[in-house]
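Undergrad: quick one, structure for this:
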Amino acid sequence: MCFFYARAQFSEHHAIYFTGEINLGNYIGTDLNLNYVYKETYSFKLGYSGNIRTPKSQPDDYSSGLNGIFSFGFENPYDQIENIQIGVGKIYKLNTSGTIRLNLSAGLGYTIITEPENWQRTNDAFLSENYTWNYRKHNTVSLVINPKIEFPVSRFYGLTVSPMVIINKDRSYFGIGLGQMLGILRPKKQRKKEHI
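TA: Presented below is the predicted three-dimensional model:
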């Protein structure tokens, strides 16, 4: 009894849920977050985003060869930007039922940037790549701005549309994410007691 009472009390003022989004922008990738909302007003999130793009340093005549075709591009070189982020925000209901809301969130991120460099041309261009390269990896701190329009269509499932900007001294990411929400999204409505 105590367990169910505590669980009901928790869900009256707290929401905790997972979001996963596909990102499209100057990079493409995914964004995964664990979200907490207090009294449908304040939000906190811990998340990870990973994005890739065709390398800016890639030579114009680069070819992945037959191996690149059969590996579906997974072994091709990419510019990568990964971000571990923590953010806080404010929730604004955009309709009275709470099924459309704006989660204005911003925070800090630990960003890992990986890019190929030192391209060296090779003679074997038919089966494998016609260039070799080395990856250079470095880290930085970023400002993450990530407002989300959330559609918690039920208490446990919803959809998101989320612009995101990651700003740091080395590289910036900007794009928009489309995704889903799973978990406790909205507090349970209390039933009004009937008086006889």
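Undergrad: in terms of pLDDT, where does the residue nearest the centre of the chain sit?
TA: Centroid check for the chain by CA atoms, centre = their mean gives Asp31 as the closest residue, at 1.8 Å. Asp31 is assigned 96 on the pLDDT scale.
Undergrad: check which helix or strand it maps to.
TA: Using DSSP states H and E, Asp31 sits in strand 28-38.
Undergrad: tell me the strands beside that strand, with direction?
TA: According to DSSP bridges, strand 28-38 has the following sheet partners: strand 14-25 (antiparallel), strand 42-53 (antiparallel).
Undergrad: buried ones in that strand?
TA: Neighbour-count burial for strand 28-38, counted by 16 or more other CB atoms under 10 Å, picks out 29, 31, 33, 35, 37. Any C-beta I mention is one placed from the backbone N, CA and C, and that applies to glycine too.
Undergrad: return it as CSV; C-alpha atoms alone will do.
TA: This file holds the C-alpha atoms of strand 28-38, laid out as CSV (Å, rounded to 0.1, in the frame of the first residue of the first chain):
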residue,chain,number,x,y,z
ILE,A,28,23.3,14.3,-39.2
GLY,A,29,22.9,11.9,-36.3
THR,A,30,20.9,11.1,-33.1
ASP,A,31,20.1,12.8,-29.8
LEU,A,32,19.3,10.7,-26.7
ASN,A,33,18.1,12.3,-23.4
LEU,A,34,16.9,11.4,-19.9
ASN,A,35,14.4,14.1,-18.8
TYR,A,36,12.9,15.2,-15.5
VAL,A,37,10.1,17.7,-15.1
TYR,A,38,9.0,19.1,-11.8
